[in-house]
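Colleague: Here is my input; please provide its structure:
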Amino acid sequence: MPLLLNTSSALGLSRSLASSLISPRPQLYLSSSFTLPTFPSARASLSFRARAYSATVTAMGDAPDAGMDAVQRRLMFEDECILVDENDNVVGHESKYNCHLWEKILTGKMLHRAFSVFLFNTKYELLLQQRSATKVTFPLVWTNTCCSHPLYRESELISENSLGVRNAAQRKLLDELGIPAEDVPVDQFTPLSRMLYKAPSDGKWGEHELDYLLFIVRDVNVNPNPDEVADIKYVNRDQLKELLRKADAGEEGLKLSPWFRLVVDNFLFKWWDQVEKGTLKEANDMETIHKLT
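Modeller: So this is what the prediction gives:
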């Protein structure tokens, strides 16, 4: 005999299911050599649970932006960015979702910390990534190795020697590119400078960030997360210049992220010289916040 539920009971069951799906989950850190031959990967399992949660909440009619990819939805609503003033003083925290809504950015109250990692191999080639098609801001654009945000948590709020930002960079290199933490030790990142910029994405979304620019030279194992990254490539200087030319000419639909282009136009090639000479620390200027447009 089929089980019949009245409206009140059905709603209660839906809320119970949603609660169970968004309950805290342990973090899983697996070595690149570990495989599960007969079961879904940990990443696939987490993606499945995120999609199940999204489907449940959407069915209840409570989810804003219901068309958003489930993984990006989870990150947008669970991650809390660090709000700062233009001198990089912490003034609060806000969801990643609110920090990237252009209408809220225009209020001037959503400036938040970010970081941009520039990872070179020992041949001094720069690792670039193409953001996934499901990214809420700037989907499918090419950019530097990894771009994200330190979160409002103790380990990523440490200001001394930019340690909190370096901790966040190590975390996101694993999340986005599958680069193990041991391949990118925190003490190997060189913070070079900070820049403040604002850029719209598509009318609804945008960026207003105080961005820490981190350089690192390491040979690493890379296993991109398709929820975050569509493609990767290493480039030398000439290959990067060709990418710039194509982007400027509108060839092949190639686009670059606005923050990457600002770094390229203002700093990158002179810093690349110092990467090759082994004198990168001489370029350190963490006292200055460059306001760029």
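
Colleague: show me where pLDDT drops low in the stretch 51-200 of the chain?
Modeller: Along the stretch 51-200 of the chain, the parts satisfying pLDDT under 70 run over 51-67.

Colleague: ok, which stretches of it are strands?
Modeller: Ranges of strands in the stretch 51-200 of the chain, per DSSP state E, counting those that start in this stretch, are 80-84, 90-95, 112-120, 126-131, 142-143, 146-148, 190-200.

Colleague: Mind putting those into CSV with distance to R245 and mean neighbour count?
Modeller: (C-beta placed from N, C-alpha, C; glycine too.) Formatted as CSV, these follow (distance: least, Cβ to Cβ, whole Å; neighbours: other Cβ atoms under 10 Å):
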stretch, distance to R245, mean neighbour count
strand 80-84, 34, 21
strand 90-95, 38, 14
strand 112-120, 20, 25
strand 126-131, 15, 22
strand 142-143, 13, 22
strand 146-148, 22, 24
strand 190-200, 21, 19
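
Colleague: can you tell which of these is closest to I216?
Modeller: The closest of those to I216 is strand 112-120. By Cβ to Cβ, the value is 5.3 Å.

Colleague: angle of that closest one against strand 126-131?
Modeller: 130 degrees (axes from the mean of the first three to the mean of the last three Cα atoms, to 10 degrees).

Colleague: what inclination does strand 112-120 have with respect to strand 190-200?
Modeller: Per the same axes, to 10 degrees, the angle that strand 112-120 makes with strand 190-200 is 120 degrees.

Colleague: Please convert the strands of the stretch 51-200 of the chain to TSV, extending it with distance to R166.
Modeller: Below are those laid out as TSV (distance: least, Cβ to Cβ, whole Å):
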stretch	distance to R166
strand 80-84	14
strand 90-95	17
strand 112-120	8
strand 126-131	17
strand 142-143	19
strand 146-148	12
strand 190-200	7
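
Colleague: L174: which of those strands is closest?
Modeller: strand 146-148 (9.8 Å).

Colleague: other SSEs contacting the closest one?
Modeller: For strand 146-148, the elements it packs on are strand 112-120, helix 163-177, judged by 3 or more Cβ pairs under 8 Å, 6 or more residues apart in numbering; DSSP states H and E.

Colleague: what comes up buried for the longest one?
Modeller: Neighbour counts using 16 or more other Cβ atoms under 10 Å place 163-177 of helix 163-177 among the buried residues.

Colleague: closest to N223 among those?
Modeller: L177 (7.2 Å).

Colleague: how near is the closest one to L128?
Modeller: 11 Å (Cβ to Cβ, to the nearest Å).

Colleague: Which secondary structure elements does the helix or strand E209 falls within sit against?
Modeller: Per DSSP states H and E: E209 is located in strand 206-217. Counting contacts by 3+ Cβ pairs under 8 Å, 6+ apart, strand 206-217 packs against helix 102-105, strand 112-120, helix 163-177, strand 190-200, helix 258-263, helix 269-277.

Colleague: So what pairs up with the most centrally placed residue in the chain in the strands?
Modeller: In the chain, the C-alpha nearest the mean C-alpha coordinate belongs to S148, at 3.0 Å (Cα atoms, centre = their mean). Listed beta-bridge partners, S148: F115 (assigned using DSSP bridges).

Colleague: got the contact list for it?
Modeller: 114-115, 168-169, 172, 176 (Cβ atoms under 8 Å, 6 or more residues apart in numbering).

Colleague: switch to 7 Å and redo it
Modeller: Applying Cβ atoms under 7 Å, 6 or more residues apart in numbering, we find S148 in contact with 114-115, 168, 172.

Colleague: Distance to E251 for these - can I get that in TSV?
Modeller: Converted to TSV, the contacts of S148 look like this (distance: Cβ to Cβ, whole Å):
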residue	distance to E251
A114	29
F115	30
A168	34
K172	30
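
Colleague: ok, of the residues you listed, which one's closest to N144?
Modeller: F115 (10.2 Å).

Colleague: wait, the closest one sits on L214?
Modeller: Yes. Between F115 and L214 there is a contact under Cβ atoms under 7 Å: 5.7 Å.

Colleague: Cheers, nothing more for now.
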